[in-house]
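Engineer: what would the 3D arrangement of this be:
(chains A and B)
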Amino acid sequence: MKAIVSVFAKDTKGITAYVTALLAEKEINILDISQTLMQEYFAMIMLVDLADCTVAFDVLASHLKEKGAERALDIHIQRQDIFEVMHRV
Amino acid sequence: MSYLLNSSEILQTIEMIDQQHLDVRTVTMGINLLDCADTGMEACCKKVYDKICRSAENLVESCCTIEREFGIPIVNKRVSVTPISLVAASCLEDDYTPLAHTLDKAAAAVGINFIGGFSALAHKGFTKSDLRLINSIPRALTETGIVCSSVNVASTKAGINMDAVALMGKIIRETADIDPMGCAKLVVFANAVEDNPFMAGAFHGVGEPECVINVGVSGPGVVAHALKACKGESFDVVAETVKRTAFKITRMGQLVGQEASKRLGVPFGVVDLSLAPTPAIGDSVAEILEIMGLEKCGIHGTTAALALLNDAVKKGGVMASGHVGGLSGAFIPVSEDAGMISAVEGGTLCLDKLEAMTCVCSVGLDMIAVPGDTSADTISAIIADEAAIGVVNNKTTAVRLIPATGKKVGERIDFGGLLGSAPVMPIHEGSAAEFIARGGRIPAPLHSLRN
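Structural biologist: Next up is the predicted model:
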């Protein structure tokens, strides 16, 4: 299953390193990554493959949320389908 | 981003969900209960309870998983059942209240938010069972928590059953005398639809399959946000913007419906393309009309604005979904829409304007509080007016009135949760008693003869 991980935070050093380490820990492969700054806010969006992920989707979602909160990051993970159906005919 | 998506599209979806109240309003499972008929009330209740629990066992859990995986809230999980007047027709007892208790208990056991179908279809006349059910409504709705009831009193093909209209006025009055909250769970329909996922009017029609999943989407906040970017543009641009937004909202509903259907092993029925407001600020249909350029909802121009909105939502949504059904249009429930409440309290929105608005949008006079001393005849007359609009215009209309017992115009009655709170609205003086007392049936309009 493919999913989109989105990270929102105030821009600080090491956000990408921190989040990618969290994903690697669970055997999640990053397929694509993009990041932008909107004023002082940092937004990172990753397309990931969960084929080898070691934990269930629910567990992963709450793990990322918790770990994100520790560093004041807002991390969401959602299945890719929802974005595709909304924006493509 | 990937070969398909770019980050601005992803951010737009996330923003719709996080800030603009985009949600799936309801995933409703329709369950056929015709095979639960029995001459004994107790046996019938047992069959109904078992079948609901068996069919909807995994409904809530599956919806919760979908919510988490897609990151989209599914606000309500509901069940609609075959109209109970049909299920209980062979019961020998007069009081159907035990069946309402059974529905309530089964709903609690499977963990859903509402259950609909304590209903009767009496548009051409009453069966014995229809009368027994209708007479049980006041007790059934005031003794249960989440059971919803509806009665169809008119159709374009049959005309208006004025005996049913008269009776429903009395039933609403009687229910309000016990507890006005009961009236918030009771809808009187003209041209009721069989696959509506929205409460309080949902029931599982006899033309439906054994079990089915219908989805109701929402999203007034998303439409409002999109229209804010069109300030000063022509109506062509406004209509196009609403269509594009409705497309996105509906696609999301379609995806959720398909996923729920797959997980539950139940066929997918329809997406109901409705803009259903909630009491939350920024999730209001009235606000959309005001963004179009009306100083306040209810002033002259409101009906035209609503007509455009309602039509554009359908046009955008139709392309996004395999099957569209239910009520499909903008809802204007007063108590559930912060903008409508404010317009009523500001004096710009009155019952007559709401009635006009129902000619061009889905459903009808919805969640409207009237003075506590409103007579049964007046309630019946309001129902008759609304049914006439539905019958003549070949559309669904409904009345969900709440006589606010002990309250006068200007006071508020609070329902809590999604049902919100309603300011008591003034009604016209003068009695329609003689009109309502005539009884009989208002014939179907000429254009019902289409064959």
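Engineer: residue 79: how many residues sit nearby?
Structural biologist: No chain in the question, so chain A it is. By the criterion of other Cβ atoms under 10 Å in any protein chain shown, A:Arg79 has 21 neighbours. All C-beta spots, glycine's among them, are computed from the backbone N, C-alpha and C.
Engineer: wrong one, chain B
Structural biologist: Considering only other Cβ under 10 Å, B:Val79 is surrounded by 25 other residues.
Engineer: what's the answer for the one 10 residues further on, then?
Structural biologist: A count of nearby residues for B:Ala89, using other Cβ under 10 Å, gives 16.
Engineer: name the helix or strand for the closest residue to it other than its chain neighbours, please.
Structural biologist: In space, B:Ala89 comes closest to B:Ser129 once its chain neighbours are excluded; the distance is 4.0 Å by Cβ to Cβ, 6 or more residues apart in numbering or on different chains. In this assignment (DSSP states H and E), B:Ser129 forms part of helix B:128-143.
Engineer: got the contact list for that helix?
Structural biologist: Defining contact as Cβ atoms under 8 Å, 6 or more residues apart in numbering or on different chains, one finds that helix B:128-143 is touched by B:84-86, B:88-89, B:91, B:93-97, B:99-101, B:118-122, B:126, B:147, B:149, B:151, B:164, B:167-168, B:171, B:174-175, B:177-179, B:181-183, B:185-186.
Engineer: show me which residues of that helix are buried.
Structural biologist: Judged by neighbour count using 16 or more other Cβ atoms under 10 Å in any protein chain shown, the buried positions of helix B:128-143 are B:129-142.
Engineer: B:Glu290: which of these is nearest?
Structural biologist: For B:Glu290, the closest of the buried residues of helix B:128-143 turns out to be B:Leu141, at 34.3 Å, with distances computed as Cβ to Cβ.
Engineer: residue contacts, the closest residue to the closest one other than its chain neighbours?
Structural biologist: Excluding the flanking residues, the one nearest B:Leu141 by Cβ to Cβ, 6+ apart is B:Gly182, at 3.7 Å. If you count contacts by Cβ under 8 Å, 6+ apart, B:Gly182 has them with B:Pro138, B:Leu141, B:Thr142, B:Thr175, B:Ala176.
Engineer: circling back to that earlier point, pLDDT averaged over the helix holding B:Ser129 - what is it?
Structural biologist: In this model, helix B:128-143 has an average pLDDT of 97.
Engineer: need the pLDDT of the residue in chain A positioned nearest to chain B.
Structural biologist: Checking chain A residue by residue against chain B with Cβ to the nearest Cβ singles out A:Gln78 as nearest, at 3.7 Å. At A:Gln78, the predicted lDDT confidence score is 94.
Engineer: contacting residues for it?
Structural biologist: Listed by Cβ under 8 Å, 6+ apart, the contact partners of A:Gln78 are A:Ala3, A:Ile4, A:Ser6, B:Glu69, B:Phe70, B:Gly71, B:Ile72.
Engineer: is it in a helix, a strand, or coil?
Structural biologist: Following DSSP: H, G, I helix; E, B strand; the rest coil, the label given to A:Gln78 is strand.
Engineer: B:Arg263: neighbour count?
Structural biologist: The number of residues packed around B:Arg263, counting by other Cβ under 10 Å, is 16.
Engineer: what residues sit buried inside the helix or strand hosting A:Leu37?
Structural biologist: Secondary structure assigned from DSSP H and E places A:Leu37 in strand A:29-38. Burial within strand A:29-38, assessed by neighbour count using 16+ other Cβ under 10 Å, is assigned to A:Ile33.
Engineer: pLDDT averaged over stretch B:105-113 - what is it?
Structural biologist: In this model, stretch B:105-113 has a mean pLDDT of 97.
Engineer: could you dump it to PDB, C-alpha only?
Structural biologist: Output in PDB follows, covering the C-alpha atoms of stretch B:105-113 (Å, rounded to 0.1, in the frame of the first residue of the first chain):
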ATOM      1  CA  LYS B 105     -31.100  -1.600  21.700                       C
ATOM      2  CA  ALA B 106     -29.700  -3.100  18.500                       C
ATOM      3  CA  ALA B 107     -28.300   0.300  17.500                       C
ATOM      4  CA  ALA B 108     -26.600   0.600  20.800                       C
ATOM      5  CA  ALA B 109     -25.200  -3.000  20.500                       C
ATOM      6  CA  VAL B 110     -23.600  -2.300  17.200                       C
ATOM      7  CA  GLY B 111     -22.400   1.200  18.300                       C
ATOM      8  CA  ILE B 112     -24.000   3.300  15.600                       C
ATOM      9  CA  ASN B 113     -25.100   6.900  16.000                       C
END
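Engineer: stretch B:438-451 spans what distance, first to last residue?
Structural biologist: Counting by Cα to Cα, to the nearest Å, you get 31 Å between the two ends of stretch B:438-451.
Engineer: what lies in contact with that stretch?
Structural biologist: Taking contacts as Cβ under 8 Å, 6+ apart, the residues outside stretch B:438-451 that touch it are B:124-125, B:154-163, B:166, B:384, B:388, B:391-392, B:394.
Engineer: so in terms of bridging, what pairs with the closest residue to B:Ala369 other than its chain neighbours?
Structural biologist: Among residues not flanking B:Ala369 along the chain, B:Ala422 sits closest, at 3.8 Å (Cβ to Cβ, 6+ apart). B:Ala422 has the following beta-bridge partners by DSSP bridges: B:Ile413.
Engineer: and the pLDDT at B:Ala422?
Structural biologist: Predicted confidence (pLDDT) for B:Ala422: 92.
Engineer: can you count the residues close to it?
Structural biologist: B:Ala422: 27 surrounding residues under other Cβ under 10 Å.
Engineer: do the same with B:Gly40
Structural biologist: By the measure other Cβ under 10 Å, the count of residues near B:Gly40 is 12.
Engineer: helix or strand for the nearest residue to B:Leu264 once chain neighbours are set aside, which one?
Structural biologist: Distances taken as Cβ to Cβ, 6+ apart put B:Ser62 closest to B:Leu264, at 5.6 Å, once the chain neighbours are dropped. With elements taken from DSSP H and E, the one containing B:Ser62 is helix B:59-70.
Engineer: what's that helix packed up against?
Structural biologist: Taking 3 or more Cβ pairs under 8 Å, 6 or more residues apart in numbering or on different chains; DSSP states H and E as contact, the helices and strands that helix B:59-70 lies on are helix A:57-70, strand A:74-79, strand B:24-31, strand B:74-81, helix B:235-264.
Engineer: now the stretch 1-150 of chain B against chain A: closest residue?
Structural biologist: Taking Cβ to the nearest Cβ, the stretch 1-150 of chain B has B:Gly71 as its residue nearest chain A, at 3.7 Å.
Engineer: quick one on the thing from earlier: PyMOL command for the buried members of the contacts of helix B:128-143?
Structural biologist: Selecting only the buried entries of the contacts of helix B:128-143 in PyMOL, with 16+ other Cβ under 10 Å as the criterion:
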select buried, chain B and resi 84+85+86+88+89+91+93+96+97+99+100+101+118+119+120+121+122+126+147+149+151+164+167+168+171+174+175+181+182+183+185+186
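Engineer: quick one: which of the contacts of helix B:128-143 sit in strands?
Structural biologist: Using DSSP state E, the members of the contacts of helix B:128-143 that fall in strands are B:Phe118, B:Ser119, B:Ala120, B:Leu121, B:Val147, B:Ser149, B:Val151, B:Leu186.
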